[in-house]
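Asks: this one's sequence-less:
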């Protein structure tokens, strides 16, 4: 049974940091691109960051570039999202997604599995 389990969300003040983790099990994830998405109330789910299987390439939404860092540990089947300089507009439920076989990393339709999400709330 494939599972993606996120952790690390919470409440933080603007300017603060959080580190999200996504533990994958039950499938082959370490050979494919993995990603983080987020969804704020009343908005569509949007791409945040992606990372290739070797971590040789990373991709970011313009709104988080320079503040967020995606990484992975294939030995642990875990993907991370380090979020620094958080802003109130970063408030959302954050989802781990993967694997992506097509390379079209911004599309929600290209991911086989999703985690249950973890809430990130940034207060002003």
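Replies: Nice, thanks for sending it over. Worth saying up front: this structure is predicted, and the values here are computed from it rather than measured. Residues are numbered from 1 along each chain as shown.

Asks: tally of neighbours for residue 113?
Replies: Burial of residue 113 is recorded as 16 neighbouring residues (other C-beta atoms under 10 Å). Heads up, the C-betas are built off the backbone N, CA and C, glycines and all.

Asks: quick one: it and residue 2 touch, right?
Replies: Yes: under the criterion of C-beta atoms under 8 Å, residue 113 is in contact with residue 2, at a separation of 5.1 Å.

Asks: can you pull the residues that touch both of these two?
Replies: Listed contacts common to residue 113 and residue 2 are residue 27; contacts here mean C-beta atoms under 8 Å, 6 or more residues apart in numbering.

Asks: listing partners with orientation, what would you give for the helix or strand bottoming out on mean pLDDT in the chain?
Replies: Every helix and strand in the chain was compared by mean pLDDT, DSSP states H and E; the lowest is strand 111-114, with a mean of 93. According to DSSP bridges, the neighbouring strands of strand 111-114, each with its direction, are strand 92-100 (antiparallel).

Asks: so which residues make contact with the strand it pairs with?
Replies: Outside of strand 92-100, the residues within contact range by C-beta under 8 Å, 6+ apart are 4, 6, 9, 20, 22, 24, 27-29, 31-40, 43, 45, 48, 50, 79, 81, 108, 110-115, 117-120.

Asks: buried ones among those residues?
Replies: The neighbour-count test (16 or more other C-beta atoms under 10 Å) marks 4, 6, 9, 20, 22, 24, 27, 29, 32-38, 45, 48, 50, 79, 81, 110-111, 113, 115, 117-118, 120 as buried among the contacts of strand 92-100.

Asks: tell me which stretches of the protein form strands.
Replies: Using DSSP state E, the strands found in the chain span residues 3-7, 10-13, 18-25, 33-39, 46-51, 58-60, 68-73, 78-83, 92-100, 111-114, 118-123.

Asks: any idea how far the third one is from the middle of the chain?
Replies: Right, the one you point to is strand 18-25. Using C-alpha atoms, centre = their mean, to the nearest Å, we find the averaged C-alpha position of strand 18-25 to lie 8 Å away from the chain's own average C-alpha position.

Asks: for the longest one, same thing?
Replies: Strand 92-100 sits 5 Å away from the centroid of its parent chain (C-alpha atoms, centre = their mean).
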